[in-house]
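Novice: the sequence and its predicted three-dimensional model are supplied below.
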Amino acid sequence: MDKERIDSHRVRDRYEQMLANSATAAICAGQDNLIISWNSAAEMLFGYSVDQAVGMPLSIIMPERHRAAHDAGLARAVKTGKARLAGQAVEMFAWHADGYEFPVDLSLSMWFEAGKPMFGALIRDVTDRQRARRRLEHLAHCDTLTSLPNRNALQAHLADTIKAGACVLLMLDLDGFKHVNDSLGHSVGDELLASVAQRLNDAAGDVGFVARFGGDEFAILLPDCADPRLIEQTADRVFASLQSPIELAGQSVFVNTSIGIAMSPKDGTSADQLLSSADLALYSAKSEGGGARTFFVRAMQNRSEQELRLSMELRSALTNGEFELWYQPQVSLADRSLVGVEALLRWRHPRHGLLQPHAFIDILERSVVAEIVGDWIINEACSTAAAWERGGLGKIRMGVNLFPVQLRSARLFQVVLDALARHGLGADQLELEITENTVLRHSSHSAKALRKLKTLGVGVAFDDFGTGFASLGLLQKYPLTRLKIDRSFVACIDQGAGDAAIVGAVVCMAKSLGLVVIAEGVECAGQEKALIALGCEEAQGYLYGRPVQAPDIVRQYRPVAKLAVS
């Protein structure tokens, strides 16, 4: 019996020594609520020395407003022999000796010594975690490029406004924005969007709710409005606000807008209906050559017929071999070596020439051939990656964007498996890219499909991270391997603290989840330097190369690969 007691004391001594040297604050208290153990990490966390803390009530580490509840809970645990929070990790506010609150993560335990209850707590400061969470949650409601409410905020506000009474929605799309992007670069394009946002805010006045809907699309919501004259006046102010040039990159840039207008309840009694009506009106305004305002009318529903014609042409495109894949380099920021590419779809139209995705991708995604085209993209991309490896380029990661229909399908796993086997490509050389909004629309199907693919070894990347509505919970729900930071957060990362803080939070969070981070839209050395300082591992963008055809990738990078081998 004496030997058992000695062994027990030895175990307890080792346990106490481990807690004393732990980086986590460890505190023990007895049934009288008095502290009996206080390690060095607790000293650092709460500002009380061991001598000051031991013998004091445990409530000294709690804000005063929580102390009564704590005392009652401890008394209840002593009486019943059970602590309600024992075995759980909870976030709460703690109290520092210097007189301020801070958030902590607390794990409580309860045990008995000589028949008397004892209480222990392991406590960590989670201030940085909460700060990062607030920054990232902010992305769900604010467009960081323009500081306007984003699409998510607009939809929520629109639904509430419609319930309150009559309202008007103006959808705007900038005329000539693509030319600015193509001729002056995306960074200048982003500056233009920020300037336009400010002008639209001024034009909308105190009543209008202005939001960035996405890309170069904006929206102005006028609540409690049914007067066509007020709508016309608002549209006039918008057009007038864009008449004067915007000075960018040493040039005077002119931009105009098209406006689609829908009124509730006449044109829609829900947020989705009113958005759809305003979008159809905007499409009509754009088709008139731009610089126009158009009110929604039911005849605009024939747009679906136009989309049907384009959808039929897309079917022919697949049959006639008109689709092509172009590839944009992805590099390691450590040495700019090629680590991967993103496969991007192009359509070589027999009449209109080479078409960029924005001209057809939305309709293709809704087309009956979307899944078949998606299958072709996976197969073609795997074939190219395998050919590159055989040609001496080495193992290059191939990024492939998935269509929503592919995530809904039960075929995706087998399609990927067959393509890898057909071309002798390793599963770790393929990475499937999904967007936040695609995942949100198909969460129950996509999670299962992606998890199965990850077990195979295929990578899964979250594309355009931060631009949609995804919550932090999605990062744990989905079997991800990589986060792609949207270019809108990279554009000004070297010019101010705001975007750098957001990117830094994303990088920190991603690493804690075991994810690699790649930044999109890198166009200058300053952005690259800032990303390296923030711990980002990889990047893609015009600084490293525009999308090119497969032979151009080989010509550009194979000599580098050979040199590395030698």
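Specialist: Perfect, I can see it now. Numbering: from 1, shown residues only.
Novice: tell me where the model's unsure across the stretch 451-566 of the chain.
Specialist: Counting by pLDDT under 70, the low-confidence segments of the stretch 451-566 of the chain come to 466-474, 476, 559-566.
Novice: now do 50
Specialist: Using pLDDT under 50 as the threshold, the predicted model of the stretch 451-566 of the chain has low-confidence ranges 468-471, 560-566.
Novice: wait, residue 337 sits on residue 330?
Specialist: No: in this structure, residue 337 is not within contact of residue 330 by C-beta atoms under 8 Å, at 10.3 Å. (Glycine included, C-beta is placed from N, CA and C.)
Novice: so those two - more neighbours on which side?
Specialist: Ranked by neighbour count (other C-beta atoms under 10 Å), residue 337 and residue 330 place residue 330 first, with 26 against 13.
Novice: can you tell me the helix or strand for that one?
Specialist: Assessed by DSSP states H and E, residue 330 sits inside strand 323-332.
Novice: which strands and helices sit next to the host helix or strand of residue 433?
Specialist: Assessed by DSSP H and E, residue 433 sits inside strand 430-435. Using 3 or more C-beta pairs under 8 Å, 6 or more residues apart in numbering; DSSP states H and E as the contact criterion, the elements in contact with strand 430-435 are helix 370-390, strand 397-401, helix 412-423, helix 443-456, strand 459-465.
Novice: redo that, cut-off 7 Å
Specialist: Applying 3 or more C-beta pairs under 7 Å, 6 or more residues apart in numbering; DSSP states H and E, one finds that strand 430-435 contacts strand 397-401, strand 459-465.
Novice: for residue 341, find the nearest of those strands.
Specialist: Closest approach to residue 341 among these (C-beta to C-beta): strand 397-401, 6.3 Å.
Novice: what's around residue 170, how many residues?
Specialist: With other C-beta under 10 Å as criterion, residue 170 counts 26.
Novice: that one bridge partners, please.
Specialist: When assigned by DSSP bridges, residue 170 has beta-bridge partners residue 220, residue 261.
Novice: so what's it up against?
Specialist: 219, 220, 234, 235, 259, 261 (C-beta atoms under 7 Å, 6 or more residues apart in numbering).
Novice: and the residue found closest to residue 59 once you drop the neighbours it is linked to in the chain, how close does it get to residue 311?
Specialist: Counting by C-beta to C-beta, 6 or more residues apart in numbering, residue 59 lies nearest to residue 67, which is 4.3 Å off, once chain neighbours are set aside. With distances taken as C-beta to C-beta, to the nearest Å, residue 67 is found 66 Å from residue 311.
Novice: stretch 158-177: end-to-end distance?
Specialist: Between the opening and closing residues of stretch 158-177 lies a distance of 26 Å (C-alpha to C-alpha, to the nearest Å).
Novice: ok now it, how far from the chain's centre?
Specialist: 25 Å (C-alpha atoms, centre = their mean, to the nearest Å).
Novice: tell me the buried residues in it?
Specialist: Along stretch 158-177, the positions that meet the burial threshold by neighbour count (16 or more other C-beta atoms under 10 Å) are 158, 161-162, 166-177.
Novice: what's the lowest-pLDDT member of those residues?
Specialist: pLDDT is lowest at residue 176 among the buried residues of stretch 158-177; the value there is 78.
Novice: just checking, it touches residue 255?
Specialist: Yes: using C-beta atoms under 7 Å, residue 176 and residue 255 qualify as a contacting pair, with a distance of 5.4 Å.
Novice: picking up where we left off before, for the strand holding residue 330, name the packing helices and strands.
Specialist: Using 3+ C-beta pairs under 7 Å, 6+ apart as the contact criterion, the elements in contact with strand 323-332 are strand 338-349, helix 370-390, strand 538-539.
Novice: could you identify the helix or strand that succeeds the first one?
Specialist: Using DSSP H and E, the helix or strand that follows strand 338-349 towards the C-terminus is strand 353-355.
Novice: residue boundaries of the strands in the stretch 1-150 of the chain?
Specialist: Under the criterion DSSP state E, counting those that start in this stretch, the stretch 1-150 of the chain contains strands at 25-30, 35-38, 89-95, 101-113, 116-125, 142-143, 148-149.
Novice: run the chain-centre distance for the longest one.
Specialist: Read it as strand 101-113. Relative to the mean C-alpha coordinate of its chain, strand 101-113 is positioned 33 Å out (C-alpha atoms, centre = their mean).
Novice: buried ones in it, by neighbour count?
Specialist: Applying a neighbour-count criterion of 16+ other C-beta under 10 Å, one finds 103, 104, 105, 106, 107, 108, 110 buried in strand 101-113.
Novice: how is this protein partitioned into domains?
Specialist: Under automatic domain parsing, the residue ranges defining each domain of the chain are 14-125, 146-296, 306-559.
Novice: residue 133 is nearest to which of the ones you listed?
Specialist: Residue 133 sits nearest to domain 306-559 of all the domains of the chain, at 6.4 Å, using C-beta to C-beta.
Novice: so how far is the closest one from its chain's centroid?
Specialist: Using C-alpha atoms, centre = their mean, the distance between the centre of domain 306-559 and that of its chain works out at 14 Å.
Novice: swap in stretch 251-268?
Specialist: Averaged over its C-alpha atoms, stretch 251-268 has a centre that lies 27 Å from its chain's centre (C-alpha atoms, centre = their mean).
Novice: now the end-to-end length of that stretch.
Specialist: Using C-alpha to C-alpha, the span of stretch 251-268 from its first residue to its last is 42 Å.
Novice: likewise for stretch 516-532?
Specialist: With C-alpha to C-alpha, one end of stretch 516-532 sits 13 Å from the other.
Novice: in it, what counts as buried?
Specialist: Of the residues in stretch 516-532, those buried under the neighbour-count criterion (16+ other C-beta under 10 Å) are 516-524, 527-528, 530-531.
Novice: could you find the closest non-adjacent residue to residue 238?
Specialist: Computed as C-beta to C-beta, 6+ apart, the closest residue to residue 238 that is not its neighbour in sequence is residue 203, at 4.8 Å.
Novice: residues near residue 355, how many?
Specialist: Here the neighbour count serves as a burial measure; for residue 355 (other C-beta under 10 Å) it reads 16.
Novice: same check, this time on residue 313
Specialist: Summarising burial for residue 313: neighbours were counted as other C-beta under 10 Å, giving 18.
Novice: the closest residue to it other than its chain neighbours and residue 105, how far apart?
Specialist: Taking C-beta to C-beta, 6+ apart, and ignoring the residues beside it in sequence, residue 313 has residue 349 as its nearest neighbour in space, at 7.8 Å. Here residue 349 is placed at a distance of 56 Å from residue 105 (C-beta to C-beta).
Novice: show me where pLDDT drops low in the protein?
Specialist: Scanning the chain for pLDDT under 50 picks out 1, 4, 6-9, 11, 468-471, 560-566.
Novice: doesn't residue 268 fall inside a helix?
Specialist: No: Residue 268 is assigned coil when assessed by DSSP: H, G, I helix; E, B strand; the rest coil, not a helix.
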